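> turn this into a model:
(chains A and B)
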Amino acid sequence: MTLRRVTIVCCAVTLISTACRSEPDAKRAALTAEAFARAEWSQVLDQARGSTVSFAMWAGDGARNSFFQGTVARAVATELGVTLRMIPVVEPADVVNKLLNEQRAGRVDQGTIDLVWINGENFRTARQAGVLWGPFAERLPNIRYYDPSDRRADFGTPTEGYEAPWEYAQFVFAYDAARMAAPPSRLPDLKAWIQAHPGRFTYPAIPDFTGSAFIRHVLLHASGAPRAAFDAGFDEALYARASAAAIDWLREVRPSLWRQGETYPATPADLNRLFVNGEIDFSMDYNPAFASDRIARGEFPATVRTMVLDEGTLTNYSFLAIPFNAANRAGAVAVTNYLLSPAHAFSRMREMGGVFPLMLEPLSPAERQTLASLAAGPATLPLEVLTQHRIREADVQYLLRFERDWRREILER
Amino acid sequence: MHRSRVSRLATIAGLTGLGCLAVGPLGLLVVNSVGRHWYWPALLPQEWSLRAWRYVASPEAGLIDALATSLMIALVVATLSVMVALPAGRALALHHVRYRRALVFVLLLPVLAPPLAATMGLHAVFLRLGLADSLAGVLLVHLVPAVPYATLMLAGSFANFDPLWESQARTLGAGSWSMWTRVTLPAVMPGIAVAAAFAFMISWSQYLLTLLIGGGRVITLPLFLVGFVRSGDEAVGAAVSLLFIAPTIVLFTVVARLLRET
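I've put the predicted structure just below:
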């Protein structure tokens, strides 16, 4: 009796929820990787017109959200006839977990996410599990604005066309020019500076993304091994040499860190609070425009500037990928191509500042002129300086191993 | 006389301290949401700005829509939880239930299991049942952590309830409806209020369950909140936090008043 009632309720709920779900759009789901490889670009655009693209992205910045839900959504609507819907997520890992579950449950089409902003480890997990659709990236007309060597690998994982490069990031340090005229710009000088100014430097604790990037600079530079050596996949002997030197470097500066290195800020937000309150003299971030953004928001004094290391600072691209079960692949491909365009990069700089992510060579003279007229922000380094000091991320194995060793050798000692 | 003044002073000091603990962080959020250039040693921000609030209120941000969706879901979940928990709590407290403790343990399992594992399992089940990616699914899945709490709370309420009161009402000629509305319900009202408030709060703060089961079709406030708080935009983070806290403060004021009245 009760069991029957439960069954009836369950059936009713299932029926209602199935009824509520929007009807599948057979035409759009039909775009397979093979069909896309053969299709004319204009056919893809025709298929995309009138559809909605659900874009799962990190949404923790007001200016950014306004830009995407305003300017970008309007541009995509006029140029492609596509409605852009943002799905706010905290971590791409949440999306990857959703896809893994859907794959296990056999939900191979009509997925709710058409496009996801992703990189590094999450891409590797998604790719290994086969929950991304593709290859598609090399077929995008605007892919030509990205250097092939930048788009070939993502933290050492071959992209193989399963994600398209998008935003450019480069690690920078921030300092207040009103307090410090000439900051140390080489790693050995930074060490000497820290030791001469006890308590004035720190970095976010691992597993924070920014803190992890900081110690990777030490890993890459401290041993003096040529940078190119790190490009050829994970090398155990090289890692042993580099990590020994890096651990020494970090151990030697630790007593001179903020609070004698007994504790570390947990997040970049904590680090920046120490920085603006004058407790420490350096902040750092993987966004080269972060100091300008913060000056604009009134969170940093206008005298803050950024710098890179003479040895170079890490750069990476974040990417756009399409889930294996995306309902609107044609729309996702069309939107991705727009997001790779110079027009998008310009409107982004106009509204949010930041760094131009595309190669300069393919730009037309008019586009170059536009670029020259756009200001990067008062604290952002000129593009030439950034590009002259860029070093690529090594294989993700280096990152994982060194984070573990940092915990064991630095945090727990 | 002297002693009473000392104790009064102590009471005042204690209350002030407690007040600061409760209001301090909230006040900090308010100042953060409208302040610019707030660094040591300045006591207060050097500039004031409504930028964060203008953003929060703008339709493009989608935060007001998310707030409305969150409220609707939490209210429905609170109502449904109480509807399930009333008979369940009553049965647990008043009826002779075999293996009662084992049953309570099973009831609590969804809350005891590691959240990530439980969430992943629930998502898999909902996918099989065809309930994923829908509002109905989100409402149902929020019940999973909410119902155990509500049931245990109402079981606590019913533990102090004497079923003979109902028999008395019957003897005096009450029908089952008036017995229910005039005897049973008033007696467990505080329990209902607290259970509903807890169920509301549990639904209100779900992030991963909503993202997975809602599949991005159901967008609630926590989906935005965590990102804002972790990122650097402090003013917007503070404003969104206040938006997130405000309904719960209203709710608990109402519940506290209800409890005082009964």
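> tell me how far A:A33 lies from B:S157.
Distance, A:A33 to B:S157, by CB to CB, to the nearest Å: 59 Å. All C-beta spots, glycine's among them, are computed from the backbone N, C-alpha and C.
> for the two, indicate the residue with more neighbours.
More neighbours surround B:S157 than the other of A:A33 and B:S157, with 22 against 15 (other CB atoms under 10 Å in any protein chain shown).
> can you tell me the helix or strand for the more buried one?
When elements are defined using DSSP states H and E, B:S157 is found to belong to helix B:135-159.
> could you say what helices and strands that helix packs with?
In this structure, helix B:135-159 packs against helix A:2-20, helix B:63-94, helix B:100-112, helix B:115-129, helix B:185-204, helix B:208-214, with contacts taken as 3 or more CB pairs under 8 Å, 6 or more residues apart in numbering or on different chains; DSSP states H and E.
> look at A:A289 and report its pLDDT.
Model confidence at A:A289, given as pLDDT, is 94.
> for chain B, what's its nearest residue on the stretch 1-150 of chain A.
Per CB to the nearest CB, the residue of the stretch 1-150 of chain A with the smallest distance to chain B is A:G60, at 3.1 Å.
> I figured that residue hits B:R230, correct?
Yes. Checked against CB atoms under 8 Å, the pair A:G60 and B:R230 is within contact range at 6.1 Å.
> which residues do these two both contact?
When contacts are counted by CB atoms under 8 Å, 6 or more residues apart in numbering or on different chains, A:G60 and B:R230 are jointly contacted by A:V90.
> near chain A, which residues of the stretch 101-250 of chain B?
Remark: the part of the stretch 101-250 of chain B in contact with chain A comprises B:120, B:123-124, B:127-137, B:140, B:207-208, B:211-212, B:215-217, B:219, B:223-224, B:226-236, using CB under 8 Å from any CB of the partner chain.
> which among those end up buried?
Neighbour-count burial within these applies to B:120, B:123-124, B:127, B:130-137, B:140, B:207-208, B:211-212, B:215-217, B:219, B:223-224, B:226-236; the criterion is 16 or more other CB atoms under 10 Å in any protein chain shown.
> any stretches of the stretch 1-150 of chain B with poor pLDDT?
Where the stretch 1-150 of chain B drops to pLDDT under 70, the residues are B:1-3.
> which residue is nearest the centroid of chain A?
Central residue check for chain A by CA atoms, centre = their mean: the C-alpha nearest the mean position is that of A:S318, 3.8 Å away.
> can you tell me the SS state at that residue?
Three-state call for A:S318 (DSSP: H, G, I helix; E, B strand; the rest coil): strand.
> you'd agree it is up against A:W166?
Yes. The pair A:S318 and A:W166 passes the contact test of CB under 8 Å, sitting 5.7 Å apart.
> where do the contact lists of these two overlap?
Listed as contacting both A:S318 and A:W166 by CB under 8 Å, 6+ apart are A:W117.
> what's the helix or strand for the residue of the stretch 1-150 of chain A closest to chain B?
A:G60 belongs to no helix or strand when elements are defined using DSSP H and E.
> which stretches of the stretch 151-300 of chain A form strands?
With DSSP state E, counting those that start in this stretch, the ranges of strands along the stretch 151-300 of chain A come out as A:153-154, A:157-158, A:164-170, A:172-176, A:283-285.
> which residues are in contact with the most centrally placed residue in chain B?
Relative to the mean C-alpha position of chain B, the nearest C-alpha, by CA atoms, centre = their mean, is the one of B:M201, at 1.3 Å. B:M201 sits next to B:A74, B:T248, B:L251 when contact means CB under 8 Å, 6+ apart.
> by mean pLDDT, flag the weakest helix or strand of chain A.
Counting by mean pLDDT, DSSP states H and E, the weakest-scoring helix or strand in chain A turns out to be helix A:26-29, with a mean of 47.
> pop the domain breakdown of the chain in here.
Answering for chain A, as no chain was given. Domain ranges of chain A: A:13-167+A:316-340, A:184-281+A:388-411, per automatic domain parsing.
> please refer instead to chain B.
Structurally, chain B divides into domains by automatic domain parsing as follows: B:1-33, B:47-261.
> right, so of those, which gets closest to A:E351?
Closest approach to A:E351 among the domains of chain B (CB to CB): domain B:47-261, 12.6 Å.
> how far off centre is that closest one?
From the chain centre to the centre of domain B:47-261 is a distance of 6 Å (CA atoms, centre = their mean, to the nearest Å).
> and that domain, end to end?
End-to-end distance for domain B:47-261: 45 Å, by CA to CA, to the nearest Å.
> list the buried ones in stretch A:181-195?
For stretch A:181-195, burial by neighbour count (16+ other CB under 10 Å) applies to A:P183, A:P184, A:L187, A:L190, A:K191, A:W193, A:I194.
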